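**Q** here's a sequence, model it:
(chains A and B)
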Amino acid sequence: MIILELEHQDMENVLKEMVHFLKKKNKISKDKELFEKLLQRERLGSTAIGDGVAIPHCKIKLAKNPLVMLAVSRKGADFNSPDGTPSHIFFLVVSSPDNPSLNLQILAAIAHLVRKADTMIQKILKAEKIYAVLEIIREEEEKLE
Amino acid sequence: MVTKKITVKNKLGLHARAAVKLVNLANRFESSVKIEKDGNIIDGKSVLGTLTLAATKGSSITLRIAGKDEEIALESLEALINDKFYENE
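**A** From the prediction side, this is the model:
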């Protein structure tokens, strides 16, 4: 699940856009609750980790499996990143409170992917189609193995 | 260099907010801070690196700290982890 170009450039509306997208795709039902939880989490401390990447996330009781989605902003959005730069790539993670270990594994997988992949971010920002973004991520994942 | 093996005790493990607290604290020291888990060694001053460890509750991590202020850095970081990152559980 990928948003290729986010409309908004402020944290609240970026989160809203991602939540709306999940609702539209029928991946979630409690969109308001999810938005509130994501916002709360950002207020506890930014999920932007620098280098243009943010991992907005929260725990919510889900009927299904954890959800991960990607959103891209070429313009960049202000997520209060510790390095003061705008965030361009957003990995949204929604996981269950009953399984903290799975949550850590998902965060670790994203961290592995992003950590040594400056070029990946640049390539994703140039991609014009969703399948191209998926292909870039797949290539980077193969390099990790 | 000083090293110490520590068990992660908080319920959520070394999750994102805990990782940020750890890294922020590590960055206050001049010494280099490395964290090892299951043979992987990462830079304890990097949030991404710290997250890649996926250190759940009960897992063992080893702090390897080297530099002028290594003793106080180790003491501070150990306290943070043992105090469960000041979380409630």
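**Q** so what strands line up beside the longest strand anywhere in chain A?
**A** If you go by DSSP state E, chain A has its longest strand at strand A:67-77. If you go by DSSP bridges, strand A:67-77 pairs up with strand A:2-3 (parallel), strand A:87-95 (antiparallel).
**Q** buried residues in the longest one?
**A** If you call a residue buried by 16 or more other C-beta atoms under 10 Å in any protein chain shown, then strand A:87-95 has these buried ones: A:Ser87, A:His88, A:Ile89, A:Phe90, A:Phe91, A:Leu92, A:Val93, A:Val94, A:Ser95. C-betas here are computed from N, CA, C, even on glycine.
**Q** for it, what is the average pLDDT?
**A** Per-residue pLDDT values over strand A:87-95 give a mean of 95.
**Q** need the next SSE after that strand, C-terminal direction.
**A** helix A:100-115 (DSSP states H and E).
**Q** same list, the strands paired with strand A:67-77, but as CSV with distance to A:Ser81 please.
**A** Output for the strands paired with strand A:67-77, formatted as CSV (distance: least, C-beta to C-beta, whole Å):
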stretch, distance to A:Ser81
strand A:2-3, 19
strand A:87-95, 6
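**Q** just for the chain, where's the confidence low?
**A** In the absence of a named chain, this looks at chain A. A:62-64, A:116-117, A:145 (pLDDT under 70).
**Q** close to chain B: what parts of it are there?
**A** Selection of chain A residues close to chain B by C-beta under 8 Å from any C-beta of the partner chain yields A:44-45, A:47, A:49-50, A:55, A:57, A:100-101, A:103-105, A:107-108, A:110-112, A:114-115.
**Q** cheers, nothing more for now.
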